[in-house]
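K.L.:
have a look; sequence and predicted model below, questions after that.
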Amino acid sequence: MVPVKTLSEEAFARAEDFVWRTARILDRRRFDLVFRNGPAEPVLAALAAYRNPDGGYGNALEPDGRGPGSQPITTLTALHILHEAGAAPDGVVEYLESITAEGGGVPFVHPNARDYPRAPWWQVSDTYEGSLLPTANLVGALWQAGVTHAWIESAAEYCWAKIDALTTTHPYEALGCVGFLDNAPDRSRAQEAAARIGKLVRDNGLVRIGAEGTVPEGYNAAELHFPHEYASTPDSLARAWFTDEEMSTSLDDLIDAQHDDGGWRVRWENWTPATEHEWAGWFTVESLRVLKAYDRW
């Protein structure tokens, strides 16, 4: 049996040093909370700087959107941090309700980003319509937080209809569906849907197995997720999409992806200098969280 690779204490110390040297104050506080049993209050104080009066979050909390206005994806990031800190997401549902498109669902990028710097892939649609990717993620995060609200029920119906109709998907949409299904109250329905989406992911090669991986036509390597990204915890429904060997290889690759300076880097483009270390601090904390969940350090 091949020994399981683990992150050494020296490698963890380098990651910690990287966070203290380069990360945003928010991610420094998160590191202290998650890995050093620090208090939640400083995390919440740092997060509050990104909140807007409408109850949503903006102000480059999601580094690729530099504008001040609240955005669905940015608010999703805030929901994950609030859950991490054990805090209720007060006011978030009301914000989401206020931006819901006709027919249900929230847009991937809200039009208030149009006049501000943003990543090339933050495209503002010519029509105002809902998107499964952010809506599924947001409903899943609100379910995880134990929130009940009529908007969540309505948005969940929108997501179920979209998920049931899927015959093709892309990596980010599939990952959004995982966030929804991992927290859906109807566990049998969630398991059936997850198995179907997992088949779409595997049949269409929408996953990187091994550090090099195989990239299907129409995609680039930055767009494909590793098994440990689809299943960031062992109890995720996406864990069943991969063999033990595939998951072990994926976690090995994550350990090997640590840079000499101690940090991890996102695979997608750093389109402006400010995003490089903002993403790197966040991604370093997230990488350590995954390794911790799988007992790899």
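P.N.:
Here it is on my side, so go on.

K.L.:
return the residues in contact with residue 265.
P.N.:
Taking Cβ atoms under 8 Å, 6 or more residues apart in numbering, we find residue 265 in contact with 257, 259, 276, 279-280, 283. For every residue, glycine as well, the C-beta is placed using N, CA and C.

K.L.:
again, but for residue 182
P.N.:
Contacts here follow Cβ under 8 Å, 6+ apart; on that basis residue 182 touches 140, 144, 190, 235-238.

K.L.:
over to residue 255?
P.N.:
Contacts for residue 255 (Cβ under 8 Å, 6+ apart) come out as 5-7, 11, 291, 296.

K.L.:
which element is it on?
P.N.:
helix 244-256 (DSSP states H and E).

K.L.:
counting contacts, what elements does the helix or strand following that helix pack onto?
P.N.:
Using DSSP H and E, the next helix or strand after helix 244-256 towards the C-terminus is helix 273-293. Under the contact definition 3 or more Cβ pairs under 8 Å, 6 or more residues apart in numbering; DSSP states H and E, helix 273-293 sits against helix 9-22, helix 25-36, helix 244-256.

K.L.:
gap between the longest one and the chain center?
P.N.:
For helix 9-22, the separation from the chain centroid amounts to 22 Å (computed by Cα atoms, centre = their mean, to the nearest Å).

K.L.:
next: the shortest one.
P.N.:
Using Cα atoms, centre = their mean, the mean C-alpha position of helix 25-36 is found 17 Å from that of the whole chain.

K.L.:
export only the CA atoms of it, formatted as CSV.
P.N.:
C-alpha atoms of helix 25-36 as CSV (Å, rounded to 0.1, in the frame of the first residue of the first chain):
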residue,chain,number,x,y,z
ILE,A,25,-7.1,41.1,6.8
LEU,A,26,-10.3,39.1,6.3
ASP,A,27,-8.4,36.0,5.3
ARG,A,28,-5.8,36.5,8.1
ARG,A,29,-8.7,36.6,10.6
ARG,A,30,-10.3,33.5,9.0
PHE,A,31,-7.0,31.6,9.2
ASP,A,32,-6.8,32.4,12.9
LEU,A,33,-10.4,31.3,13.4
VAL,A,34,-10.2,28.0,11.5
PHE,A,35,-6.7,26.8,12.3
ARG,A,36,-5.7,28.5,15.6
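
K.L.:
ok, and for it, which residues are buried?
P.N.:
Neighbour counts over helix 25-36 (16 or more other Cβ atoms under 10 Å) mark 26-35 as buried.

K.L.:
quick one: which of those is nearest residue 58?
P.N.:
Nearest to residue 58, judged by Cβ to Cβ, of the buried residues of helix 25-36 is residue 26 at 13.9 Å.

K.L.:
dump the residue contacts of the closest one.
P.N.:
Counting by Cβ under 8 Å, 6+ apart, residue 26 makes contact with 43, 46-47, 49-50, 61, 81.

K.L.:
who wins for neighbours among those?
P.N.:
residue 43 (26 neighbours; other Cβ atoms under 10 Å).

K.L.:
pLDDT score for it?
P.N.:
As predicted, residue 43 sits at a pLDDT of 98.

K.L.:
what's the helix or strand where it lies in contact with?
P.N.:
In the assignment (DSSP H and E), residue 43 maps to helix 41-48. For helix 41-48, contacts defined as Cβ under 8 Å, 6+ apart pick out 24-26, 29-30, 32-33, 57, 61, 78, 81-82, 84-85, 87.

K.L.:
mind picking the two most distant members of those residues?
P.N.:
It's 32 and 57 that sit farthest apart of the contacts of helix 41-48, by Cβ to Cβ, at 20.9 Å.

K.L.:
what's the burial count for residue 194?
P.N.:
Neighbour number of residue 194 under other Cβ under 10 Å is 24.

K.L.:
distance check, the most centrally placed residue in the chain against residue 30.
P.N.:
With distances taken as Cα atoms, centre = their mean, the chain has residue 77 as the residue nearest its mean C-alpha position (7.1 Å). Distance of residue 77 to residue 30, computed by Cβ to Cβ, to the nearest Å: 11 Å.

K.L.:
please look at residue 268 and residue 222 and confirm they touch.
P.N.:
Yes. The pair residue 268 / residue 222 is scored as a contact, 4.5 Å apart, by Cβ atoms under 8 Å.

K.L.:
looking at those two, which one has more neighbours?
P.N.:
Neighbours per residue (other Cβ under 10 Å) separate residue 268 from residue 222, with residue 268 holding more: 15 against 11.

K.L.:
tell me the contacts of the more buried one?
P.N.:
With the criterion set at Cβ under 8 Å, 6+ apart, residue 268 makes contact with 222-223.
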